[in-house]
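Novice: when you get a sec, could you give me coordinates for this:
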Amino acid sequence: MIDAHHHLWDPGRREYPWLAGAALDPIRRPYTVDDLRAVTKAAGVHATVLVQTVSSAEETAEFLATAAAEPVIAGVVGWVDLTAPDVADRLAALDGPLVGVRHQVEAEPDDDWLLRPEVVAGLSAVAAAGLAYDLLVRPAQLPAATEVALRLPGLRLVLDHAAKPPIAAGEWEPWASGVAALAARENVVCKLSGLVTEAEWSGWEVGHLRRYVDHVLDVFGPQRLLFGSDWPVCELAASYELVLDAAIALTGSLSDAERLGVFEHNARAVYGLDASGATSSRG
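Specialist: Now for the predicted structure:
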């Protein structure tokens, strides 16, 4: 199995604005490669994709060095300033198994941030570099993401956490329509990730997630869905193994070949990983 979405961090070395607030106290501690090895080995995961946590070129460089030295980390989704005029040069200068780029668009107050001309130019550079772009957006930002997918058909877009459906509130729209519109663009895939923390952190059940996962399966299809743990954020609501167990249960209606895609092959294709999980190329 390949875990297509997890993080590492150390609050003693760097500030993480999104970790503010007492509710996040349980995960406000260092999460290291040793911790990652322990949870992935226990779960039978043989390769992972490490995803950026802050808008920091320094963190991206550190993650690339970590991945180069750690066999279980097959690739890194890093950060680059998409508004910089020399974004192509910045991407070319990054050394290591870079497979994608992400910016925490969900924190941008402008729901159309992705459509700013300088951002679209930056995303074009990401596509030209042969990299994927991870979409971390709220439901209100889905129309802009859909427009980007239309304007840049050569850019591989990966929707993180299924655009964060309002599971705890039991709400459906505009999330469902927005996700369906984005899924209509063939250059977009979706991560089955981050859903346990969109539900009630205590007392959630697999059944609370099913309606939302079924919708994602319906509009994307299993061939455009990939598993991610969102560890260690998931620990607010569930352990690594519980998240994996939930994902397995929620994909129980799929064929063996389809589930193999969700839990391994699709991540390999989207992020350019070879059969061992390692980065094969940026193409």
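Novice: all strands of this protein, in order?
Specialist: Along the chain, the segments classed as strands by DSSP state E run 2-6, 47-51, 73-78, 98-103, 132-135, 156-159, 188-192, 225-227.
Novice: adjacent strands (with direction) for the shortest one?
Specialist: Right, the one you point to is strand 225-227. Strand pairing for strand 225-227, determined by DSSP bridges: strand 188-192 (parallel).
Novice: which helix in this structure runs the most residues?
Specialist: helix 206-220 (DSSP state H).
Novice: so that helix versus strand 188-192, what angle?
Specialist: If you take axes from the mean of the first three to the mean of the last three CA atoms, to 10 degrees, helix 206-220 sits at 170 degrees to strand 188-192.
Novice: need the contact list for residue 49.
Specialist: By CB atoms under 8 Å, 6 or more residues apart in numbering, the residues touching residue 49 are 2-6, 73-77, 99-100, 228, 267, 271. All C-beta spots, glycine's among them, are computed from the backbone N, C-alpha and C.
Novice: what do you get for residue 216?
Specialist: Counting by CB under 8 Å, 6+ apart, residue 216 has contacts 162, 179, 183, 190, 192, 225.
Novice: so where's the stretch 151-283 of the chain uncertain?
Specialist: 275-283 (pLDDT under 70).
Novice: helices of that one, residue ranges please.
Specialist: 175-183, 206-220, 240-250, 256-260, 266-271 (DSSP state H, counting those that start in this stretch).
Novice: what about stretch 50-59, start to end distance?
Specialist: 11 Å (CA to CA, to the nearest Å).
Novice: okay, buried residues for it please.
Specialist: 50-54, 56, 59 (16 or more other CB atoms under 10 Å).
Novice: centroid-nearest residue for this protein?
Specialist: residue 160 (4.0 Å; CA atoms, centre = their mean).
Novice: list the contacts of that residue.
Specialist: 5, 51, 102, 134-137, 191, 193-194, 228.
Novice: what do you get for residue 156?
Specialist: 127, 131-133, 187, 189, 270.
Novice: coming back round to it: would you mind giving the helices of the stretch 151-283 of the chain as CSV with distance to residue 84 added?
Specialist: What follows is those, written out as CSV (distance: least, CB to CB, whole Å):
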stretch, distance to residue 84
helix 175-183, 26
helix 206-220, 32
helix 240-250, 35
helix 256-260, 39
helix 266-271, 23
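Novice: kindly compare burial across these and name the winner.
Specialist: Ranked by mean neighbour count, those are led by helix 266-271 with a mean of 24 (mean count of other CB atoms under 10 Å).
Novice: what helices or strands is it leaning on?
Specialist: If you count contacts as 3 or more CB pairs under 8 Å, 6 or more residues apart in numbering; DSSP states H and E, helix 266-271 packs onto strand 2-6, strand 73-78, strand 225-227.
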